[in-house]
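> here is the input, now give the coordinates:
(one chain, ligands or ions: 1)
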Amino acid sequence: MVQETKDFPTLKNDRLLKAASGEPVDRVPVWVMRQAGRYLPEFQEVRKEHDFFEVCRTPELACEVTMQPLRRFDLDASIIFSDILVIPQALGMVVEMKPGVGPVFPEPLIDPKDLSKLQVENAVSRLTYVGDAITMMRHKLDGKVPLIGFTGAPWTLMGYMIEGGGSKTMSKAKYWLENYAEDSKNLLNTLTSVIVDYFEMQVKAGAQMLQVFESSADYITKEQFALVSLPYCKQIRDKLRDRLASQGIEPVPMVIYAKGGGHSLKEQSQLGYEVVGLDWTIDPTEARNIVGPKITLQGNLDPQDLYKSQDELKQLTLDMVKKFGKDRYIANLGHGITPATPIESMATFVSTVHSAFE
Ligand SMILES: Cc1c2[nH]c(c1CCC(=O)O)Cc1[nH]c(c(CCC(=O)O)c1C)Cc1[nH]c(c(CCC(=O)O)c1C)Cc1[nH]c(c(C)c1CCC(=O)O)C2
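Numbering: from 1, shown residues only. Got it, this is the predicted structure:
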């Protein structure tokens, strides 16, 4: 099988990939969701000069901000700087990032007739800048740590496309599920197929692990999760595998992270993903009992714990890591790091994870 499609530098730190495949590690690997972001003054500097999506679309800028946290902290992975909302953009929707507000869609999907406006054909061709950033980043990393690619899951993307931005209730998207069931399915299928193309492109460009962000699982019931999330996340994994195998390309490990999906850990562990990401509401010991020994768990410190004293943070991090144990575990927060987090806390979190079993 073809291992890599490009001539990339040799990987020096493979703890993340070892943990994902269940091999023993010398110490627990750690990275942080949103590790490139507003809590870093150097990120703010870049954002003063450039619009958020301009950073995403310009490989040099995307690589620069991807690199920023790695210069400061002893992280075991990098994640390409981008956003889950580049997929709705590639489908022809306008998405703006408003400071202090978040993402805004001036023209969200109102009812099913709006689906015909989506430019589905060859949507991935409008995302080549992500692949370019990934390839450039693999060279810039010089094998320091692996590079993670990502996508939003279909339900989470559908939510943003219908709500027109963040929502406290997802009431409009849930209205679609109830009242436009067939159209909702069509939309979820469309997103699934774009995501498979997008992940294929990311792997070919050099992504070494892939994470699916189902960040809006917390708005739906366990029953709805089984209908609108699990089957599509499974299809993403299975279709991507087939697609890569047919071209002789080795698959990369995959992470499913469903914020609020703690009610369905068993089901998530049966999707064929190597790693299940946990939010902070789930107890590590319970999670391990539910998923069994053959899945790698990732997570799950409450991002708010980074606002506590350094001593408290150390203790909470140690307690967490000890509960998860050294093997089949990737340390992370239970959701993205928040903008006012003290930089010192990030350093404490990373070094505490690394020293946990010394
Ligand atoms: C739901 C979601 C989005 N984007 C993402 C998710 C899933 C993860 C999660 O649940 O947090 C994923 C994402 N967004 C961003 C990354 C970059 C890679 C990383 O360092 O983790 C990743 C992995 C950059 C970003 N994406 C965004 C920022 C901040 C925007 C800015 O610079 O103004 C960053 C660094 C903006 C964004 N993008 C999105 C929202 C809701 C917001 C606004 C909220 C916020 O500002 O934190 C959509």
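> and the longest helix anywhere in the chain with the ligand, contact?
Counting by DSSP state H, the longest helix found in the chain is helix 181-205. No: judged by C-beta under 6 Å from any ligand atom, helix 181-205 stays clear of the ligand, getting no closer than 12.6 Å. Placement of C-beta: from N, CA and C, glycine included.
> show me what that helix is packed up against.
Counting contacts by 3 or more C-beta pairs under 8 Å, 6 or more residues apart in numbering; DSSP states H and E, the secondary-structure elements packed against helix 181-205 are helix 86-90, helix 128-141, strand 147-152, helix 154-163, helix 171-179, strand 209-214, helix 230-245.
> ok, the closest residue to the ligand within the stretch 251-358 of the chain - contacts?
At 3.9 Å from the ligand, Gly336 is the closest residue in the stretch 251-358 of the chain, using C-beta to the nearest ligand atom. Counting by C-beta atoms under 8 Å, 6 or more residues apart in numbering, Gly336 makes contact with 33-34, 37, 303.
> what stretches of the stretch 201-350 of the chain score poorly on pLDDT?
Within the stretch 201-350 of the chain, not a single segment meets pLDDT under 70.
> any residues of it in contact with the ligand? List them.
213, 215, 259, 336.
> for Asn13, give me its contacts.
Contacts of Asn13 by C-beta under 8 Å, 6+ apart are 76, 143-146.
> dump the residue contacts of Val130.
Going by C-beta under 8 Å, 6+ apart, Val130 touches 56, 80, 82, 86, 149, 198, 201-202, 205.
> er, Ala217 I mean
Counted by C-beta under 8 Å, 6+ apart, Ala217 has contacts 155-156, 225, 229, 258-261.
> sorry, back to before: which of the residues of the stretch 201-350 of the chain next to the ligand has the most neighbours?
Using other C-beta atoms under 10 Å as the neighbour test, those are led by Ser215, with 25 neighbours.
> isn't that residue right up against Gly277?
No: Ser215 is beyond contact range of Gly277, at 10.5 Å (criterion: C-beta atoms under 8 Å).
> okay, and the common contacts of those two?
In contact with both Ser215 and Gly277: Tyr257, using C-beta under 8 Å, 6+ apart.
> out of the contacts of Ala217, which is nearest to Ala173?
Trp155 (8.1 Å; C-beta to C-beta).
> taking the stretch 201-350 of the chain, what residue is nearest to the ligand?
Relative to the ligand, the nearest point of the stretch 201-350 of the chain is Ser215 (3.1 Å; C-beta to the nearest ligand atom).
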